[in-house]
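Trainee: Just a sequence and a predicted model for now, questions to come.
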Amino acid sequence: MLDRDEDILKAAEDWQKAGHGVALATVVETWGSAPRPAGSSLVINDDGTFLGSVSGGCVEGAVVTEAMDVIQSGKPKMLEFGVADETAWNVGLSCGGTIRVFVEKVG
Amino acid sequence: MKLAILHELNAERAARRPVILVTDTESGEQRLVKARDFAGDPLRAELEKQLRMGKSANVEAGGKKLFLNVYAPTAKLVIIGAVHISQALAPLARSLGYDVTVVDPRTAFASPERFPDIPLVADWPDVALPPLNVDPYTAFVAVTHDPKIDDPALLHAFERNCFYIGALGSRKTHAKRGDRLRAQGAKESDIARIHAPIGLAIGAVSPSEIAVAIMAEITAVLRLPPKEKEEAA
């Protein structure tokens, strides 16, 4: 499929301009059956509002929590989720794949 | 991501121009490369390949781990002629991820009953096409068999530099079409761009099979590097 993401990057820009702290999370690598391909992204603002997706809803909660840290610190983070990771018990991917998600602050 | 980069990225996407965002995943450093600047870029080969495939990927260059995030515009397909082939072609193209529009001034053909869920414009090409923003990320297919409708549409497709232009008809029909278009000011190089007979030669017989042949040809033009493209043609 060609990409048909909703326009979440526009939302990221609008939120930032409205004075919000904003983070962008992007899938940069996948192994096995990952629900969203590399390049998929999620934007989060300091209210905890988010748009887009990096998985089929499996790890979004954890990504949002980490994004709050990134908004605070301004330092990018690389997150990894999957069955090989102990966090899999909490927020693993039910499909059995592994994904790496890059989280960065906007602005 | 710096706000200036995000702003530029959004502007390029809104204008339907492809870009690739290069991120050093360790330092977080980023730069945006526009398609027209690929030629002079040190990552030229990787950038061109990923854009052609429409796929984001990781590469290593100069000891750095880089993520190339590809933002390619959604490809469009404009079909001139709400004919039987189009009824098979439109849903097929949609399933491949294209934004599809069917144009035909003949309202008996361009009816919602014949094209459920497909955007239809029941107008002549000179009225219908300008608002569709036909561009280099558009595949353009003329299948009415009626020069009054197909010819002006093809002239529009040349002008907008569509990545694929195809027209229905035998070699004989196509030779006549070439004469007509030339008389209306089309360049030889424009006429040479028309894929006619339309579609890959797979022995297609039914409208559905012809639709498959057309989409296969469009896919080849979109995805193959220039050299392999010549070999497939």
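Mentor: In hand now; what should we look at?

Trainee: any low-confidence regions in the chain?
Mentor: Unless you meant another one, I'm taking chain A. A:1-6, A:83-96 (pLDDT under 70).

Trainee: wrong chain, I was asking about chain B
Mentor: Using pLDDT under 70, the flagged stretches of chain B are B:228-233.

Trainee: So which residues on it come close to chain A?
Mentor: By CB under 8 Å from any CB of the partner chain, the residues of chain B that approach chain A are B:1-3, B:6-7, B:9-10, B:13, B:23, B:25, B:28, B:54-58, B:67, B:69-72, B:74-75, B:96-98. From N, CA and C alone the C-beta is placed, and that goes for glycine too.

Trainee: For the longest helix belonging to chain B, buried residues please.
Mentor: The longest helix of chain B (DSSP state H) is helix B:207-223. Within helix B:207-223, the residues that qualify as buried by neighbour count (16 or more other CB atoms under 10 Å in any protein chain shown) are B:Pro207, B:Ser208, B:Ile210, B:Ala211, B:Val212, B:Ala213, B:Ile214, B:Met215, B:Glu217, B:Ile218, B:Val221, B:Leu222.

Trainee: Over to stretch B:86-98?
Mentor: B:Ser86, B:Gln87, B:Ala88, B:Leu89, B:Ala90, B:Pro91, B:Leu92, B:Ala93, B:Leu96, B:Tyr98.

Trainee: so the fourth one touches B:Ala216, yeah?
Mentor: No: checked against CB atoms under 8 Å, the pair B:Leu89 and B:Ala216 is beyond contact range at 11.7 Å.

Trainee: And the helices in chain A, which stretches?
Mentor: Using DSSP H, the helices of chain A run over A:8-17, A:60-73, A:88-91.

Trainee: Please enumerate the strands of chain B.
Mentor: B:19-24, B:30-34, B:57-61, B:64-71, B:76-80, B:99-103, B:120-121, B:138-142, B:164-167, B:194-195 (DSSP state E).

Trainee: Out of those strands, flag the one nearest B:Ala153.
Mentor: strand B:76-80 (4.3 Å; CB to CB).

Trainee: now what about the closest one, what contacts it?
Mentor: Residues from elsewhere that reach strand B:76-80 (CB atoms under 8 Å, 6 or more residues apart in numbering or on different chains): B:86, B:89-90, B:93, B:98-104, B:125, B:129, B:132, B:134-135, B:137-144, B:149-150, B:153, B:157, B:218.

Trainee: gap between that strand and the chain center?
Mentor: Relative to its parent chain, strand B:76-80 has a centroid offset of 8 Å by CA atoms, centre = their mean, to the nearest Å.

Trainee: Note down every partner strand of it and its orientation.
Mentor: Strand B:76-80 has the following strand partners under DSSP bridges: strand B:99-103 (parallel), strand B:138-142 (parallel).

Trainee: and of the strands of chain B, who's closest to B:Ala110?
Mentor: strand B:120-121 (4.8 Å).

Trainee: How many residues are close by A:Val43?
Mentor: Neighbourhood size, A:Val43 [other CB atoms under 10 Å in any protein chain shown]: 25.

Trainee: What is the neighbour count of the closest residue to it other than its chain neighbours?
Mentor: In space, and not counting its chain neighbours, A:Val43 is closest to A:Ala12: 4.2 Å by CB to CB, 6 or more residues apart in numbering or on different chains. By other CB under 10 Å, 28 other residues sit near A:Ala12.

Trainee: show me the residues around the closest residue to A:Thr30 other than its chain neighbours that make contact.
Mentor: For A:Thr30, ignoring the flanking residues on the chain, the nearest one in space by CB to CB, 6+ apart is A:Ile99 at 5.0 Å. Contacts for A:Ile99 (CB under 8 Å, 6+ apart) come out as A:27, A:29-31, A:34, A:36, A:54-55, A:59, A:80-82, A:93.

Trainee: Please apply the same query to B:Asn69.
Mentor: Contacts of B:Asn69 were listed using CB under 8 Å, 6+ apart, and they are A:Thr26, A:Val28, A:Ala38, A:Gly39, B:Ile20, B:Leu21, B:Val22, B:Thr23, B:Ser56.
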